[in-house]
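Chemist: Return a 3D structure for these sequence lines:
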Amino acid sequence: ERLSKPAYLAQEACRFIRTHKEDPFVLFVNFFEPHMPFFGPRDGQYDPNQVPLPPNFDHDLDESHPLKARLFRRAYAEHGHSGLPLKTKDDWRRLTANYWGLVSQVDTYLGHILDTLSQCGLDDDTIVVFTSDHGDMMGAHRLLAKCVMFEEAVKVPLLLRLPHGEARRIAEPVSQIDLVPTLLDAMGQNVPDQLQGYSWLPFLQGRQGLTETDVFIEWNGGNSGFGDVIGGVKILDCWREMADDQTIRRALQDPVRTVITPEGWKYNWSGRDEDELYCLQKDPYETHNLATSPQLQPWIEELQGRIRRWQRRTLDQPCKP
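Modeler: Residues are numbered from 1 along each chain as shown. You can find the predicted model right below:
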């Protein structure tokens, strides 16, 4: 473990902090773990028999769900991952235990960095942000990794520590696009007009509500984690039992735009008519796709309008004409 990337990053980050404790600084530490392949020096830290599987582990992905998700599920069942077959619940528990070990490894060395900040007397003069670029399915719907728009893949940890701030949990959904404006504002710097996103500082200080109440997510396809090809996709033999090559390529490269509302509605707008609508308040594990419900079509049109307005504002290419 002492030769692992988390240990090395913490060592260098702590050295940087001690060297520059008298200077203004910005320090970015990019932990790679937890990441595939899911094994490491702490594979034995957690007992797989004590690992609970996700509540939607056995949820069957039927034709109401995107073909891409069903292709991925078939690939994990056929080929496994990280040296594990992923055919039984015990296989998935073993993989998750390994994942937890990687998470705890990061926790340890992040703790070293925070301890160094404290030892250098910088706790009350440093903004700390802890977040990630994506989540991992880790058995939800019997899927792994990212590449899909389910909550387990798109929802990420976000902890923000401001000097002299009071601890509070934010219930409203927020987007990482707002992090840079917020940090600039918190440091007393001007926020450029052309910068996307809005500062949370007035909201965090109780002066006003959030400027943007909907969260938007984009996925531009191509990546699958099964031997990616730049500018194209790799097609597994087991997928050809489910669809022809052209259909598989379109499914894997489907550009999806998602909106999540403060009330917990989530709409995934697919470029190939594989839309999804979930009420996260009632269906947090996304097992009931409501996109074809006749009664909800007016609401879907409203959500499509919100996505289109966001696309015009951000110069994003529409996934549908």
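Chemist: Mind giving me the packing neighbours of the lowest-mean-pLDDT helix or strand in the chain?
Modeler: When each helix and strand of the chain is scored by mean pLDDT, DSSP states H and E, helix 201-204 comes last, with a mean of 90. Here helix 201-204 touches helix 179-186, going by 3 or more Cβ pairs under 8 Å, 6 or more residues apart in numbering; DSSP states H and E. No exception for glycine: its C-beta is placed from N, CA and C like everyone else's.
Chemist: helices or strands up against the helix it packs on?
Modeler: Checking 3+ Cβ pairs under 8 Å, 6+ apart, helix 179-186 ends up next to strand 128-131, helix 201-204.
Chemist: if you set the cut-off to 6 Å instead, what comes out?
Modeler: helix 201-204 (3 or more Cβ pairs under 6 Å, 6 or more residues apart in numbering; DSSP states H and E).
Chemist: Tell me which helix or strand comes right after the helix it packs on.
Modeler: strand 215-219 (DSSP states H and E).
Chemist: Can you list the buried residues in the following helix or strand past that next one?
Modeler: Next in sequence after strand 215-219, counting helices and strands by DSSP H and E, comes helix 245-252. For helix 245-252, a neighbour-count test (16 or more other Cβ atoms under 10 Å) marks I248, R249, R250, A251, L252 as buried.
Chemist: was I right about the last one contacting K234?
Modeler: No - with contacts counted by Cβ atoms under 6 Å, L252 stays clear of K234, the gap being 9.0 Å.
Chemist: check contacts around the residue nearest to L201 when sequence neighbours are not counted.
Modeler: The shortest distance from L201 to any non-neighbouring residue, by Cβ to Cβ, 6 or more residues apart in numbering, is to D185 (4.4 Å). By Cβ atoms under 6 Å, 6 or more residues apart in numbering, D185 lies in contact with V191, S199, L201.
Chemist: out of those, which is most surrounded?
Modeler: Within the contacts of D185, most neighbours by other Cβ atoms under 10 Å means S199, with 19 neighbours.
Chemist: Next one: K234 from Q45, what distance?
Modeler: 34 Å (Cβ to Cβ, to the nearest Å).
Chemist: between those two, which one's more packed in?
Modeler: Comparing K234 with Q45 by other Cβ under 10 Å, the one with more neighbours is Q45, at 15 against 11.
Chemist: Might you report the residue contacts of the closest residue to the more buried one other than its chain neighbours?
Modeler: Take Q45 and drop its neighbours on the chain: the residue closest to it by Cβ to Cβ, 6+ apart is G101, 4.5 Å away. G101 makes contacts with R42, D43, Q45, as judged by Cβ under 6 Å, 6+ apart.
Chemist: next one: D123
Modeler: L117 are the contacts of D123 under Cβ under 6 Å, 6+ apart.
Chemist: Okay, it and I217: tell me how far apart.
Modeler: 33 Å.
Chemist: before we move on, what about H141?
Modeler: The value you get for H141 to I217, if Cβ to Cβ is used, is 18 Å.
Chemist: again with V156
Modeler: Per Cβ to Cβ, V156 is found 11 Å from I217.
Chemist: Tell me which of the two has more neighbours.
Modeler: I217 (17 against 11).
Chemist: To what extent is the residue nearest to the more buried one when sequence neighbours are not counted buried, counted in neighbours?
Modeler: Residue nearest to I217 in three dimensions, not counting chain neighbours: T258, with 4.1 Å by Cβ to Cβ, 6+ apart. Per other Cβ under 10 Å, the neighbour tally for T258 reads 19.
Chemist: same question, N98
Modeler: N98 has 25 nearby residues by other Cβ under 10 Å.
Chemist: Specify the local secondary structure of it.
Modeler: Here N98 is recorded as helix under DSSP: H, G, I helix; E, B strand; the rest coil.
Chemist: Quick one: residues contacting it.
Modeler: When contacts are counted by Cβ under 6 Å, 6+ apart, N98 touches F38, F39, D43.
Chemist: Can you flag the buried ones in the residues you listed?
Modeler: By 16+ other Cβ under 10 Å, the contacts of N98 give F38, F39, D43 as buried.
Chemist: Now name the helix or strand holding the first one.
Modeler: When you say that, I think you mean F38. Per DSSP H and E: nothing holds F38, as it lies in no helix or strand.
Chemist: need the strands for this protein, in chain order.
Modeler: In the chain, the strands defined using DSSP state E lie at 128-131, 158-161, 215-219, 256-260, 265-270, 276-279.
Chemist: Please name whichever of these is nearest to P24.
Modeler: Comparison of the strands of the chain against P24 by Cβ to Cβ identifies strand 128-131 as nearest, at 15.2 Å.
Chemist: Give me the contacts around that closest one.
Modeler: Residues outside strand 128-131 that contact it (Cβ under 6 Å, 6+ apart) are V156, L158, L159, L160, R161.
Chemist: Next up, the contacts around the second one.
Modeler: By Cβ under 6 Å, 6+ apart, the residues touching L158 are T131.
Chemist: Which positions are bridged to it in the beta structure?
Modeler: T131 (DSSP bridges).
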